[in-house]
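Enquirer: Here you go, sequence then predicted model.
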Amino acid sequence: MTYTAQSRRRPGRWLVASLSVVVAAAACGTAASPSPGVSSPASSPGASAAPSQPTEIPRGGTIRYVTFAEPATLNPRMLPEAIADQVGELVHRGLSELDQNGNVYAELAEKIPDPADGDVSADLLTVTWKLREGLRWSDGTPLTSDDLRYTWEVCGNPANGCAKSDGLVDIESVDTPDDRTIVLHYRKPYFDYKLQFRYGILPRNCADCGAPSDVARWRYSQTVNPNLGPFSIVEWRPGDFITLKRNEHFYLASEGKPYLDGVTVLLRDSIETFRQMILTGQADISPWLTQPAPAQVQELLDKGFRLGSGSSPYFNRFQLNLTDPKDRSKPHPILGDVNVRKAIILGTNTENVIFNWNIPGIYQAKQNPYRFSMHGAEYTCDIQPTPYDPDEARRLLDAAGWVPGSDGVRVKDGQRLRLRVSTYTGFGQEDNVVVWIDELRKLGIDAVADPIEATTFYSSWADGSPVFRGDFDLLYYDWGKDFGGAQQEAFLFYHSTMIPSATNAIGRNVNGVQDAQVDQWIDEAAVALDVATRNDRYCRIAKRVGQELWAEHWNGLIPNFQMSSPKLKGWKDGEMFVWFGSDAENWYLEP
């Protein structure tokens, strides 16, 4: 709640938020500002212990990890949801990874490809990777460059339907001059080349795999045998649990990692259930505690349990449909007027709408008008926040011919200004929509709630999602950072060719932005090798879409707290750049 570029999804939300407040049992402190780049091995989660860890870290023990429902798959290239991604971090590793501050570091790769070392061509079309020495799959067989080639063979063909194929579909050919080296030849620059194999590698020699065209139905999706992460699957009982054991061939095994013997993933369906299981000792850790009441948070803290910062990847988003819900080839009968859209955004007190996400003294929902900043510190833009101006909003509606009727609802040519406000159910966004509806009614708009079951809301055009089919007037929901980087996000969200349809499964331009200037800037950014030029185009796109077309407004990051027993140590929180569990090899139980 991302597909050639699968957006991260939680149960009911497509899914990646600036680090906010780190909450410990007795103190709060501000986390460091994200500064994406390439980190040294010493700063990577896989190479250094947290400062609070003891000199002699105890080894052994099995923890209980409680999470939502059940992943649809654990094939690293098919993970569609946050649930699957988080559990996937326990069993998968790639060539590179991001730390909690957005820095890239090498995991299974010997190093990050560097243009200065000749690993990357000047035109970004050729990139060379080299594996660390001595890497093995969990069954003891060597990991080789042929496995990387096989991953490309399976997921480089869009017809095979790999959920995470970013960049792989843009590779024209590969060379494997030796068992540790692969050379990728791209058709066009892939700006996120440092993360090309971040999302996992598929084994060439795999009894549970099948034809590449059948990847969605491989038995490997449930067994993940062999794998490269710190833990391997022993048993998966649908709807109940997944048992994991230590991978003795993990790439950091020589350092004694992972420290734990195993993890039992408990599959449950209630956030309050998670909290109670942690409090009563039925579980040791959970990645989910969204929208908790202050008293719920305080109870955990008072009893010495550890809580994360609330940092999450989820950005609240207002969207206005530019197209007719009954015929997407036509403009929306009401919202097709840019002045009506402008009035709606100017007349909404957006801070009120996200008020219920705030937890006094613990979390303050962030406001950020520039969406692309989530992709790294190099993406900054001087866009002034949209003001709250209800008087101007009313003037715009008057000028557009929408005048108050006898009951206060505006009318034009006999038509009432009636709009549906859609969101998903089950995570508190309905409360935010109630506030937005109240704001709209103050303007004379007959706004009505249109709640949609979460998995339907976030599904797809093919699955009948009203969002992807354009069957809405106004949307309020949250969306995370896309995996394919800023350029992929700009293209999928705003290019006129990316309006979802029966023949365009990956498009996410759900509110029908069709603007020649926006298309031109996206196309220019796609061929610009320097970040400054791309950022300039993204700034223009953001300003055009948000404050000239008045098609959307990004509004604040919502909190999600990780929580654990006081005895479980070594874990890091913060999911803006990396999924929770990416450092599971460092988790340990205090005696």
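Expert: It's in.
Enquirer: for the chain, which spans come out with low pLDDT?
Expert: The chain contains residues with pLDDT under 70 at 1-54, 80-81, 291, 356, 365-369, 481-484.
Enquirer: Which segments of it make up each domain?
Expert: 57-312+560-589, 315-557 (automatic domain parsing).
Enquirer: any chance of the ones you listed in TSV, plus mean neighbour count?
Expert: For every residue, glycine as well, the C-beta is placed using N, CA and C. TSV is the format used below for these (neighbours: other Cβ atoms under 10 Å):
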stretch	mean neighbour count
domain 57-312+560-589	20
domain 315-557	19
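Enquirer: Kindly export stretch 375-392 (C-alpha atoms) in CSV.
Expert: Below are the C-alpha coordinates for stretch 375-392, written out as CSV (Å, rounded to 0.1, in the frame of the first residue of the first chain):
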residue,chain,number,x,y,z
HIS,A,375,14.8,9.5,-2.6
GLY,A,376,17.9,11.2,-1.1
ALA,A,377,19.4,14.4,0.2
GLU,A,378,20.4,15.4,-3.3
TYR,A,379,16.7,15.9,-4.2
THR,A,380,15.8,19.2,-2.6
CYS,A,381,13.5,21.9,-3.8
ASP,A,382,12.5,25.3,-2.7
ILE,A,383,8.7,24.8,-3.0
GLN,A,384,6.8,26.9,-0.5
PRO,A,385,4.0,25.1,1.4
THR,A,386,0.5,25.6,0.0
PRO,A,387,-1.3,28.1,2.3
TYR,A,388,-4.6,27.5,4.0
ASP,A,389,-6.9,30.1,2.6
PRO,A,390,-10.6,29.3,2.9
ASP,A,391,-11.6,32.8,1.8
GLU,A,392,-9.8,32.5,-1.5
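Enquirer: Can you list phi and psi of residue 173 for me?
Expert: Per-residue torsions, residue 173: phi -160, psi 160 (degrees, to the nearest 10).
Enquirer: wait, isn't it in contact with residue 185?
Expert: Yes - under the criterion of Cβ atoms under 8 Å, residue 173 makes contact with residue 185 at 4.7 Å.
Enquirer: which ones are touching residue 177?
Expert: Contacts for residue 177 were tallied using Cβ atoms under 8 Å, 6 or more residues apart in numbering; they are residue 183.
Enquirer: Look at it and give its secondary structure.
Expert: Secondary structure state of residue 177, per DSSP: H, G, I helix; E, B strand; the rest coil, is strand.
Enquirer: how much space between it and residue 183?
Expert: Remark: distance between residue 177 and residue 183 (Cβ to Cβ, to the nearest Å) = 7 Å.
Enquirer: again with residue 277
Expert: Distance from residue 277 to residue 183, by Cβ to Cβ: 49 Å.
Enquirer: and if you look at residue 195?
Expert: For residue 195 relative to residue 183 (Cβ to Cβ), the value is 17 Å.
Enquirer: With residue 288 instead?
Expert: 41 Å.
Enquirer: same check, this time on residue 138
Expert: Distance of residue 138 to residue 183, given as Cβ to Cβ: 27 Å.
Enquirer: One more: residue 315?
Expert: Distance from residue 315 to residue 183, by Cβ to Cβ: 37 Å.
Enquirer: now do residue 396
Expert: The gap separating residue 396 from residue 183 is 57 Å, by Cβ to Cβ.
Enquirer: now swap in residue 389 and tell me
Expert: Counting by Cβ to Cβ, the gap from residue 389 to residue 183 is 56 Å.
Enquirer: Residue 527 too?
Expert: According to Cβ to Cβ, residue 527 and residue 183 sit 22 Å apart.
Enquirer: cool, residue 342 as well?
Expert: With distances taken as Cβ to Cβ, residue 342 is found 51 Å from residue 183.
Enquirer: For this protein, list the residue farthest from the centre, please.
Expert: Distance from the centre of the chain peaks at residue 406, with 46.2 Å (Cα atoms, centre = their mean).
Enquirer: show me the contacts for that residue.
Expert: Contacts of residue 406 by Cβ under 8 Å, 6+ apart: none found.
Enquirer: how much space between it and residue 416?
Expert: Distance of residue 406 to residue 416, given as Cβ to Cβ: 11 Å.
Enquirer: what's the nearest residue to residue 575 if we skip its chain neighbours?
Expert: Closest residue in space to residue 575, ignoring its immediate chain neighbours: residue 313 at 5.1 Å, by Cβ to Cβ, 6 or more residues apart in numbering.
Enquirer: shouldn't the one you found be in contact with residue 574?
Expert: No - assessed by Cβ under 8 Å, residue 313 is found out of contact with residue 574, at 9.7 Å.
Enquirer: The stretch 351-500 of the chain: helices as residue ranges?
Expert: Assigned by DSSP state H, counting those that start in this stretch, the helices in the stretch 351-500 of the chain fall at 390-399, 429-442, 454-457, 485-494.
Enquirer: Could you list every helix and strand that the last one packs against?
Expert: Think helix 485-494. Helices and strands touching helix 485-494, by 3 or more Cβ pairs under 8 Å, 6 or more residues apart in numbering; DSSP states H and E, are helix 516-526, helix 531-547.
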